[in-house]
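A.B. asks: Pasting a predicted model and its sequence here:
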Amino acid sequence: AEALERARPVLAALGGEPRLLGPVGAALTTKLALNQLIASLTHSFSLSLHLVQRAGVDVEAFMAILRASALYAPTFDKKLAKELADDYANPNFPTAHLRKDLLLFLQTARGLGLETEGLDGLAALLERATAAGLDELDYSALHRLTAGR
C-alpha cells in the first residue's frame, strides 16, 4: 500500500486510477485473467462469425441480434472490421503477446488446481500463429486460424 501511494502520481499520469489488488503478484494474476477473457472472447466470436458467414447469414443481421443480447461484448465491434477485411495491421496487442499470456494463464491456473482442458485447443491454435506469420499482427488475426480449410 505504501509503495502504491508513493507511485500514485506517476501511475495516475499514465492513465486510470491505480488500484491495490493485493499482495505482490495479484496485479499480474488479474492481467492474465483479463487477457484469457480476451483470447476466449476473440476465439468464440471468430468461430461464430465464420459460421454465420459460411451459412449465408447476413453479418449485420447477426450483429444486430448479438448487440441486443446479454452475450454482447464491445470487443466484438472493435475487431469486426479487421476480421471482415482480413487486415490485422497496426496491432494494439500482438498475437504473440496474447499467446504468451494465455500460456502463462494456463500455467498459473493449473498450479492453483483449476481444470483448464477447455482452453487447450485455443492454446494449440495460437501456437500455430508463428508459422502462419501472425505473431506481430493484431490478436484478432486469430480469425485467420479459426477459418480452417
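C.D. replies: Looks like it came in fine.

A.B. asks: Just the pLDDT for the spatially closest residue to Leu122 that is not a sequence neighbour.
C.D. replies: Distances taken as C-beta to C-beta, 6 or more residues apart in numbering put His43 closest to Leu122, at 5.2 Å, once the chain neighbours are dropped. Yep, even glycine has a C-beta here, placed from its N, CA and C like the rest. We have a pLDDT of 98 for His43.

A.B. asks: My read is that His43 contacts Ala141, right?
C.D. replies: No: His43 lies out of contact with Ala141 (C-beta atoms under 8 Å); the separation is 11.9 Å.

A.B. asks: In terms of neighbours, single out the busier of these two.
C.D. replies: The residue with more neighbours, out of His43 and Ala141, is Ala141; 27 against 21, by other C-beta atoms under 10 Å.

A.B. asks: Give the helix, strand or coil label for that one.
C.D. replies: Classification of Ala141 by DSSP: H, G, I helix; E, B strand; the rest coil places it in helix.

A.B. asks: wait, it sits on Thr95?
C.D. replies: Yes: the criterion here is C-beta under 8 Å, and Ala141 meets it with Thr95 at 5.3 Å.

A.B. asks: Between those two, which contacts overlap?
C.D. replies: Common contact partners of Ala141 and Thr95 (C-beta atoms under 8 Å, 6 or more residues apart in numbering): Tyr88, Ala129, Leu134.

A.B. asks: Same list (those) but as TSV, adding secondary structure, neighbour count and distance to Leu66.
C.D. replies: Formatted as TSV, the shared contacts of Ala141 and Thr95 follow (DSSP: H, G, I helix; E, B strand; the rest coil; neighbours: other C-beta atoms under 10 Å; distance: C-beta to C-beta, whole Å):
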residue	secondary structure	neighbour count	distance to Leu66
Tyr88	coil	21	21
Ala129	coil	22	26
Leu134	coil	25	25
